[in-house]
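S.K.: need coordinates for the following:
(chains A and B)
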Number of protein chains: 2
Amino acid sequence: MSNKIPYKTYLSEQEMPKHWLNLKAFMKEQHAPFLNPSTGAPCTAEDLEAVFCKECVSQELNATDREIEIPKEIRDFYQMFRPSPLVRAYFLERVLDTPAEIYYKFEGNNTSGSHKLNSAAAQAYYAKKQGLTSITTETGAGQWGTALAMAAAFFGLHLDVYMVKVSAQQKPHRREVIRTYGANVIPSPSDTTAAGRKILAEYPETGGSLGCAISEAVEKALTTPDCKYVLGSVLDHVLLHQSVIGLECKSALDKYGVYPDTVIGCMGGGSNFGGLVAPYMAEKLQGKNEIEFIGVEPASCPSMTRGRYAYDYCDSAKITPLAKMYTLGCQFMPSPEHSGGLRYHGMSPVLSKLYHDGFMRVEAVVQSKVFEAAVCFAKCKGILPAPESSHAIRVTIDEALKCKQRGEKKKILFGLTGTGYFDLASYKQYNDGTMTDTIPTEKDLMQGFQSIPELP
Amino acid sequence: MSNKIPYKTYLSEQEMPKHWLNLKAFMKEQHAPFLNPSTGAPCTAEDLEAVFCKECVSQELNATDREIEIPKEIRDFYQMFRPSPLVRAYFLERVLDTPAEIYYKFEGNNTSGSHKLNSAAAQAYYAKKQGLTSITTETGAGQWGTALAMAAAFFGLHLDVYMVKVSAQQKPHRREVIRTYGANVIPSPSDTTAAGRKILAEYPETGGSLGCAISEAVEKALTTPDCKYVLGSVLDHVLLHQSVIGLECKSALDKYGVYPDTVIGCMGGGSNFGGLVAPYMAEKLQGKNEIEFIGVEPASCPSMTRGRYAYDYCDSAKITPLAKMYTLGCQFMPSPEHSGGLRYHGMSPVLSKLYHDGFMRVEAVVQSKVFEAAVCFAKCKGILPAPESSHAIRVTIDEALKCKQRGEKKKILFGLTGTGYFDLASYKQYNDGTMTDTIPTEKDLMQGFQSIPELP
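M.R.: Residues are numbered from 1 along each chain as shown, chains lettered A, B, ... in the order given. Got it, this is the predicted structure:
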């Protein structure tokens, strides 16, 4: 093993980013504005501040600087789990016998088990700074709920987490971590909100969905004093906070003069992908590189590869603003697959725009192939990856094997967003050989598309 | 927050230890030799090689050098998860409002969730090098089984893990991680061995014990060609491998001129404690410091504080060699408490000797106080600690609060051996307020002592 480039690179604390990178400021054309669903007009700051913290709204609507300072308090919090390691995957290269160089940024070394803590820290801090006493959110797979519970405990905020009911049932341990950090977990749909009660009346047996949990959390924020709603993905300010991933990555790779040819990340709402690619995509938008960016989504919930680019609601009860994005329809019901974190009907408006404008491509992969890649990776790299992250591993392996066929020495960078310690029920299905792959039919898609609103 | 000393310190890969530290070589008086139970004579290399790998036996019996080289292949494996961070616990100091400086070495950032991988890597490598095709072991809480499964997968060895039945039932997810790495998990007692069948016949409803699982794994190794048994704690060579913890720790602290006044670690079989203290204890044995070393054990299984210093078997079926150690009796049955990793009747002979000779002290703590400390730590430090590790956190907090009372600026170092991601059932009990504390009565102890053999 030639060790010119170390196995792992940790930046020093002095080298950690002091600014986030605002990818939007590099885009010649911005994504279409959020619309107020009742007026059809672009959302004002006032509209959004009814739901979100002021500082986050400001970052969402007004940020034009290329760099935005990370407050000291957030940088202090980041030191609990950052810098994260940039790893040269020597052992994976050896197993694949590929001439490609494989690198990954590992964001799973914290109790939330994922990159979600990067934005949770920021949003909880801003909520506290604004003088709020409590925040609400939803969680599907549970990483986001855990991350926000950790941040809320640290900054002294009460937190209500609406957890998709089927997740709360399938992952009692994930639920318990959130409780241990002092947050209140409410399986969704619940009778604590009008949105929840309506869905329960219509579908008493439903296991819930991310869209429905969002509806409940937003309603809770709207109806509780000194309480705002916090979202873990999709929105521009979340991608902004996640840019710390890509910035650390680039600082580490720059030390060795390594510039990637291909950057690969999984996509649910886009927070990890947007953060990972930020500095490299900013350079591509300036014509400074020709990196191939590959987003990977589950074939069971293919919002980019089979969705429509249209205005749609961010939640299933249609109470949030409308976003122009790739969507399967806000009431699309993905099969109860295992990558809970990628089971969202829409996609970040920033990434939707970049995809639409040809700056990246997206691949959809089936679950059994994802777990095959996950187990290969676990055995040669030690880390048991999250099913979500394993989507990126799958395509990385495929690309590295293409390099072998073609004799290409590409430099591939991928995002290892988290660990799979709370996904063992899915691993068991794979180990037992009982895992199935689901791909929505055209009819399934058409049914979802019916929930995309027609705008005047 | 004064950041002269960084929040986290990672050594570079060049700075990682290339040698283990052999604590025994610094002891003026060695612990009493292992005895062959059938002859009563000191164990020969041949006796032990029937069960263990040759290289491990050599390290166990013959190692007199102060430093022993870590083979390159093991150092390569260590790079997957090492160096581990040495953390200044600024936020914990702030919460406790203590003048003490608190440092900890975090060994949980790997899929086994603990320090166990340090010795698993070494022992699997030596087994492979010796030409073996398979290895066996037992696991209680599951960290050791997971660690060895990871190492066996990496080096291409078959592995049978005898997992204490009650653990396999209570921790199906832990079991699944081991399976994912390709190992075979057998709930113990089982009908695959004579020792297991005997216990099943006598106690058909038993949930098993670590001592019983050891008996089965050793029997399996003795009766299978090209197969040896591998132990995750207690023995001298395991402590040797774990010295990498303390060596990294000291290298990092030396950079800042920090020399601890107190070093604290939890104790089950002693592998973590022995590894953590190694370089500092070596200096104490040379009269170079007056560090206070504090081992922490559960009040439910108090082998050091209430056990006898005597020759005893390492397993409950009495088929292993006899070791001179602090013991509650090889058939002592601890209550089914939650710190599975600390539920062992005996203790490392090296540490037993050091304790007996007055070089360290030991405290026993009850479970509810341990979880109180764990939750405090989780909230201010982000990391959800393993119940085992939380024993050290409990005593660290107590010591830091004493410093506050007395106005002492002590430097306290403790070992954070692992994470609690697979211990959420215990956290749930604590969160629900249903956790109970168990302390064995004198009668319980007397019953255990009856299983200590009388030597001729």
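S.K.: going forward, measure contacts and count neighbours with C-alpha atoms only.
M.R.: Will do.
S.K.: how close does the residue nearest in space to the middle of chain A sit to A:R308?
M.R.: Central residue of chain A (Cα atoms, centre = their mean): A:S271, 3.7 Å from the mean position. For A:S271, the distance to A:R308 (Cα to Cα, to the nearest Å) stands at 20 Å.
S.K.: how about A:V161?
M.R.: 30 Å.
S.K.: more neighbours: these two, which one.
M.R.: Under the criterion of other Cα atoms under 10 Å in any protein chain shown, the comparison of A:V161 against A:R308 puts A:V161 first, with 29 against 18.
S.K.: what's opposite that one in the beta bridge?
M.R.: Partner residues in beta bridges with A:V161: A:T137, A:V185, with DSSP bridges as the criterion.
S.K.: need the contact list for it.
M.R.: In this structure, A:V161 makes contact with A:T136, A:T137, A:E138, A:T139, A:G145, A:A183, A:N184, A:V185, A:I186, A:A217, judged by Cα atoms under 8 Å, 6 or more residues apart in numbering or on different chains.
S.K.: let me know the pLDDT of it.
M.R.: A:V161 carries a pLDDT value of 98.
S.K.: tell me if A:P187 really is in a strand.
M.R.: Yes - the assignment for A:P187 by DSSP: H, G, I helix; E, B strand; the rest coil puts it in a strand.
S.K.: where's it relative to A:T139, distance?
M.R.: Separation of A:P187 from A:T139 (Cα to Cα) stands at 10 Å.
S.K.: more neighbours, the two?
M.R.: It is A:T139, of A:P187 and A:T139, that has more neighbours when counted by other Cα under 10 Å, with 29 against 22.
S.K.: helix, strand or coil for the closest residue to chain B within the stretch 1-150 of chain A?
M.R.: In the stretch 1-150 of chain A, no residue comes nearer to chain B than A:T111, which is 5.5 Å away by Cα to the nearest Cα. Per three-state DSSP, the secondary structure class of A:T111 is coil.
S.K.: ok, now which ones touch it?
M.R.: The neighbourhood of A:T111, defined by Cα under 8 Å, 6+ apart, consists of A:T146, A:A147, B:G382, B:I383, B:L384.
S.K.: can you put these in JSON lines and add pLDDT?
M.R.: Below are the contacts of A:T111 laid out as JSON lines (pLDDT from 0 to 100):
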{"residue": "A:T146", "pLDDT": "97"}
{"residue": "A:A147", "pLDDT": "97"}
{"residue": "B:G382", "pLDDT": "89"}
{"residue": "B:I383", "pLDDT": "95"}
{"residue": "B:L384", "pLDDT": "96"}
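S.K.: just the residues you listed: which are in helices?
M.R.: Counting by DSSP state H, the part of the contacts of A:T111 found in helices is A:T146, A:A147.
S.K.: would you mind naming what in the stretch 301-450 of chain A lies close to chain B?
M.R.: Contact residues, the stretch 301-450 of chain A versus chain B (Cα under 8 Å from any Cα of the partner chain): A:375, A:378-384, A:421-422, A:424-425, A:427-428, A:431.
S.K.: alongside chain B, which residues does the stretch 101-250 of chain A contribute?
M.R.: Within the stretch 101-250 of chain A, the positions near chain B by Cα under 8 Å from any Cα are A:N109, A:N110, A:T111, A:M150, A:A153, A:F154, A:H173, A:E176, A:V177, A:R179, A:T180, A:Y181.
S.K.: hmm, back to that, which one of the residues of the stretch 301-450 of chain A next to chain B has the most neighbours?
M.R.: Highest neighbour count within those: A:L384, with 28 neighbours (other Cα under 10 Å).
S.K.: from A:G420, how far off is the closest residue to that one other than its chain neighbours?
M.R.: The spatially closest residue to A:L384, leaving aside those adjacent along the chain, is A:A378, at 4.9 Å (Cα to Cα, 6 or more residues apart in numbering or on different chains). Noted for A:A378: a distance of 10 Å to A:G420, by Cα to Cα.
S.K.: check contacts around the closest residue to A:P42 other than its chain neighbours.
M.R.: Among residues not flanking A:P42 along the chain, A:L35 sits closest, at 4.3 Å (Cα to Cα, 6+ apart). For A:L35, the contacting residues are A:A41, A:P42, A:C43, A:P321, A:L322, A:A323, by Cα under 8 Å, 6+ apart.
S.K.: list the contacts for the first one?
M.R.: Under the criterion of Cα under 8 Å, 6+ apart, the contact partners of A:A41 comprise A:L35.
S.K.: try the fourth one
M.R.: The neighbours of A:P321, taking Cα under 8 Å, 6+ apart as the test, are A:F34, A:L35, A:N36, A:P37, A:C43, A:Y313, A:C314.
S.K.: from those residues, which would you call buried?
M.R.: Burial by neighbour count, 16 or more other Cα atoms under 10 Å in any protein chain shown: within these this picks out A:F34, A:L35, A:N36, A:P37, A:C43, A:Y313, A:C314.
S.K.: out of these, which sit inside strands?
M.R.: Assigned to strands by DSSP state E, the following of the buried ones among the contacts of A:P321 qualify: A:Y313.
S.K.: now do the strands in the stretch 151-300 of chain A.
M.R.: A:158-164, A:184-188, A:227-229, A:262-266, A:292-298 (DSSP state E, counting those that start in this stretch).
S.K.: please convert the contacts of A:L35 to a markdown table, extending it with pLDDT and distance to A:I5.
M.R.: Formatted as a markdown table, the contacts of A:L35 follow (pLDDT from 0 to 100; distance: Cα to Cα, whole Å):
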| residue | pLDDT | distance to A:I5 |
| --- | --- | --- |
| A:A41 | 96 | 52 |
| A:P42 | 96 | 49 |
| A:C43 | 96 | 48 |
| A:P321 | 92 | 47 |
| A:L322 | 96 | 46 |
| A:A323 | 97 | 43 |
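S.K.: farthest pair within the residues you listed?
M.R.: Pairwise distances across the contacts of A:L35 peak at 11.9 Å for A:A41 and A:A323 (criterion: Cα to Cα).
S.K.: sorry, back to before: the residue nearest to A:P42 pairs with what?
M.R.: Following DSSP bridges, A:L35 is listed with bridge partners A:P42, A:L322.
S.K.: so how far is A:T320 from it?
M.R.: For A:L35, the distance to A:T320 equals 9 Å [Cα to Cα].
S.K.: buried subset of the contacts of A:V161?
M.R.: Among the contacts of A:V161, those scoring as buried are A:T136, A:T137, A:E138, A:T139, A:G145, A:A183, A:N184, A:V185, A:I186, A:A217 (criterion: 16+ other Cα under 10 Å).
S.K.: show the contacting residues for the fifth one.
M.R.: Counting by Cα under 8 Å, 6+ apart, A:G145 touches A:T137, A:E138, A:T139, A:V161, A:M163, A:I178.
S.K.: what separation do you get for the fourth one and A:M150?
M.R.: What that stands for is A:V161. In this view, A:V161 and A:M150 are 12 Å apart by Cα to Cα.
S.K.: now swap in the second one and tell me
M.R.: Taken as Cα to Cα, the spacing of A:E138 relative to A:M150 amounts to 15 Å.
S.K.: equivalent analysis for the third one, please.
M.R.: When Cα to Cα is applied, the distance between A:T139 and A:M150 equals 14 Å.
S.K.: how many other residues sit next to A:A364?
M.R.: Other residues near A:A364 number 22, with proximity taken as other Cα under 10 Å.
S.K.: helix, strand, or coil at it?
M.R.: When the structure is split into helix, strand and coil by three-state DSSP, A:A364 lands in strand.
S.K.: so it touches A:A299, yeah?
M.R.: Yes - in this structure, A:A364 sits in contact with A:A299. The criterion is Cα atoms under 8 Å, and the distance is 4.8 Å.
S.K.: closest to A:L247 among the residues of the stretch 301-450 of chain A next to chain B?
M.R.: A:I383 (22.9 Å).
S.K.: quick check, pLDDT for the residue nearest to the closest one when sequence neighbours are not counted.
M.R.: Taking Cα to Cα, 6+ apart as the measure, A:I383 lies nearest to B:T111, with 5.5 Å between them; neighbours along the chain are not counted. Looking at B:T111, its pLDDT reads 93.
S.K.: got phi/psi on B:T111?
M.R.: With angles defined as degrees, to the nearest 10, B:T111 sits at phi -70, psi -30.
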